[in-house]
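K.L.:
Okay, here's the prediction I keep looking at, along with the sequence it came from:
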Amino acid sequence: MIIGISGTNSSGKDTVAKYIESKGFFHVSLSDIIREEMGKENIGINRDNMIAFSNDFGQAHGAEILAKMAFERYGNLDKLVISSVRKPAEVDFFHSIPDFKLIFVDVPAEIRYDRMLKRGREGEDILSFEDFRTLQEKEMNGTNSQNLSYCKEKADYVINNSNTINILYEKIDEIIEK
């Protein structure tokens, strides 16, 4: 079984992936593959650079390249969770694989903004709520890059992560059982 994780910024994608990992799944993040490729070229790692690099990398090698790289490396595993699925071509590639399911994680913007500020990643702590919303709109409706609206539309399961961690875990358990 291969489970993909997509979702909005600060919605809890990493938390979902880590929980699924605790259930015996191997976890790989498409963002980690981006970081690895950026490291080969000595490019500073921050959100803007990662988005730009991912877009350029996709234009050079095909928009689904990160999905293909992850599948080539780890697709032979019985239990795999792949996080940071953000592009339509990635979703389409993964959905061509038997036994793949996509989970989209979402939370209202105000809650996500508070979570983002609390986690304190470099550069995020200076974003205003208006900037956060502008970034979200760009990520939701990108044409050649991230398009989270497409990911959500094509998801097999959508999780609203507005409640407690235990409720989130119960939702994930139900999905894995199906």
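P.N.:
Thanks, I have it.
K.L.:
And the lowest mean pLDDT element among the helices and strands of the protein?
P.N.:
Lowest by mean pLDDT, DSSP states H and E among the helices and strands of the chain is helix 129-140, with a mean of 78.
K.L.:
Show me what the longest helix anywhere in the chain is packed up against.
P.N.:
As assigned by DSSP state H, the longest helix anywhere in the chain is helix 47-61. Applying 3 or more Cβ pairs under 8 Å, 6 or more residues apart in numbering; DSSP states H and E, we find helix 47-61 packed against helix 30-40, helix 65-74. C-betas here are computed from N, CA, C, even on glycine.
K.L.:
Tell me the confidence at the residue most central in space within the chain?
P.N.:
Nearest residue to the geometric centre of the chain (Cα atoms, centre = their mean): residue 84, 2.1 Å. As predicted, residue 84 sits at a pLDDT of 92.
K.L.:
Make sure residue 11 is actually in contact with residue 106.
P.N.:
Yes - between residue 11 and residue 106 a contact is recorded at 5.4 Å, counting by Cβ atoms under 8 Å.
K.L.:
So these two - more neighbours on which side?
P.N.:
Each of residue 11 and residue 106 has its neighbours counted (other Cβ atoms under 10 Å); residue 11 has more, 26 against 20.
K.L.:
before we move on, back to that, mind listing what the residue nearest to the centre of the chain touches?
P.N.:
5-6, 13, 29-32 (Cβ atoms under 8 Å, 6 or more residues apart in numbering).
K.L.:
Could you report the separation of it from residue 174?
P.N.:
Separation of residue 84 from residue 174 (Cβ to Cβ, to the nearest Å) stands at 23 Å.
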